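Participant: Can you look at this prediction? I've put the sequence above it.
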Amino acid sequence: MIVPFVLLISLLLYRDALATMLLFTASAHFTKMKRDLVRMMPDWIPRPMALIYFTGVCEIAGAIGLLLPSLRQAAGIALIVFFIVVFPANVKAARTGVAVGGKRTTPLWLRASMQVLFIVLTWWSSLRNAG
């Protein structure tokens, strides 16, 4: 009986932690740090500032969706796609040494590991028992 309880608590903590992380990272999209985020964008991206605002809104919507049971599954799917789609910006930032908020970006090997972790935690907390 203790194992299901521990799994439930873990699930809630993962979900809350992801939602909190997404809200914090989204805030950068609407502050002076947005200019740093634009420099992370691959050159082939049109209108990078508009995309920075859009991805910030996506992060906020994803965070809210994770917390609302009726939206959790859709938010989980959208966030997994989101984590994959934004990864090229992380690659560029790591390879070119773009600073975000005055700090060097995370090394690519660590960023890739984190991205996989975010995807797994999103799946675990929103899609694992779906369908």
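Facilitator: That came through, no problem.
Participant: hey, let's count contacts and neighbours off CA atoms from now on
Facilitator: Will do.
Participant: ok, and what's touching stretch 22-37?
Facilitator: The contact list for stretch 22-37, computed with C-alpha atoms under 8 Å, 6 or more residues apart in numbering, reads 49, 52-53, 55-57, 59-60, 62-63, 98-101.
Participant: ok, now with 7 Å
Facilitator: Where contact means C-alpha atoms under 7 Å, 6 or more residues apart in numbering, the residues beyond stretch 22-37 that reach it are 52-53, 56, 59-60, 63, 99-101.
Participant: And stretch 54-62, by the same measure?
Facilitator: The list of residues contacting stretch 54-62 from outside it, by C-alpha under 7 Å, 6+ apart, reads 22-23, 26, 29, 75, 79.
Participant: Can you show me the CA trace of that stretch as CSV?
Facilitator: The C-alpha trace of stretch 54-62 is given here as CSV (Å, rounded to 0.1, in the frame of the first residue of the first chain):
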residue,chain,number,x,y,z
PHE,A,54,5.1,32.8,-28.4
THR,A,55,7.3,30.2,-26.7
GLY,A,56,6.9,32.1,-23.4
VAL,A,57,3.1,31.9,-23.7
CYS,A,58,3.4,28.2,-24.6
GLU,A,59,5.4,27.6,-21.4
ILE,A,60,2.8,29.4,-19.3
ALA,A,61,0.0,27.5,-21.0
GLY,A,62,1.8,24.2,-20.5
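Participant: If you count neighbours, what's buried in it?
Facilitator: Of the residues in stretch 54-62, those buried under the neighbour-count criterion (16 or more other C-alpha atoms under 10 Å) are 55-62.
Participant: which other helices and strands contact whichever strand or helix holds I84?
Facilitator: Secondary structure assignment for I84, by DSSP states H and E: helix 72-85. If you count contacts as 3 or more C-alpha pairs under 7 Å, 6 or more residues apart in numbering; DSSP states H and E, helix 72-85 packs onto helix 48-67, helix 108-126.
Participant: what about those helices, which gets the closest to Y14?
Facilitator: With C-alpha to C-alpha, the closest approach to Y14 among the helices and strands packed on helix 72-85 belongs to helix 108-126: 6.4 Å.
Participant: Report the buried residues of that closest one.
Facilitator: Judged by neighbour count using 16+ other C-alpha under 10 Å, the buried positions of helix 108-126 are 111, 115, 118-119, 121-126.
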